[in-house]
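> Here is my input, please return the structure:
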Amino acid sequence: MTQFTISGQSHIIDDVLEHLKYGSAGFSICHNWNYEIISSEKIIFSLKEGKEVKPADLFWFGYFTKD
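Have a look, this model is predicted:
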């Protein structure tokens, strides 16, 4: 997996973006992934060159961004 998309209502995407900027798991994600805001309801993540997928980072990011 080198790319994935998150789609959702704009308030969910806002929460994801906030956690990317200020959350500890968000910092880990940004270390290995680039992200592009496609719209207020869609973000695409792409693995940075030379980086590897870390399932634990994805798990904790999802855990801490849930409502």
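> Based on its surroundings, how many neighbours for the closest residue to residue 20 other than its chain neighbours?
Among residues not flanking residue 20 along the chain, residue 26 sits closest, at 4.1 Å (C-beta to C-beta, 6 or more residues apart in numbering). Heads up, the C-betas are built off the backbone N, CA and C, glycines and all. Per other C-beta atoms under 10 Å, the neighbour tally for residue 26 reads 20.
> Do you have the helices of the protein handy? List them.
Using DSSP state H, the helices found in the chain span residues 10-22, 24-32, 55-65.
> Could you list every helix and strand in contact with the longest one?
Using 3 or more C-beta pairs under 8 Å, 6 or more residues apart in numbering; DSSP states H and E, the elements in contact with helix 10-22 are helix 24-32, strand 33-39, strand 42-47, helix 55-65.
> switch the cut-off to 7 Å
Other helices and strands packing on helix 10-22, by 3 or more C-beta pairs under 7 Å, 6 or more residues apart in numbering; DSSP states H and E, are helix 24-32, helix 55-65.
> Export the first one to PDB, keeping only CA atoms.
What follows is helix 24-32 as a C-alpha-only set of coordinates in PDB (Å, rounded to 0.1, in the frame of the first residue of the first chain):
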ATOM      1  CA  SER A  24       1.100  12.900  18.400                       C
ATOM      2  CA  ALA A  25      -0.100  10.100  16.100                       C
ATOM      3  CA  GLY A  26      -0.700  12.700  13.400                       C
ATOM      4  CA  PHE A  27       3.000  13.700  13.600                       C
ATOM      5  CA  SER A  28       3.900  10.000  13.000                       C
ATOM      6  CA  ILE A  29       1.700   9.900  10.000                       C
ATOM      7  CA  CYS A  30       3.100  13.100   8.500                       C
ATOM      8  CA  HIS A  31       6.700  11.700   9.000                       C
ATOM      9  CA  ASN A  32       6.000   8.900   6.600                       C
END
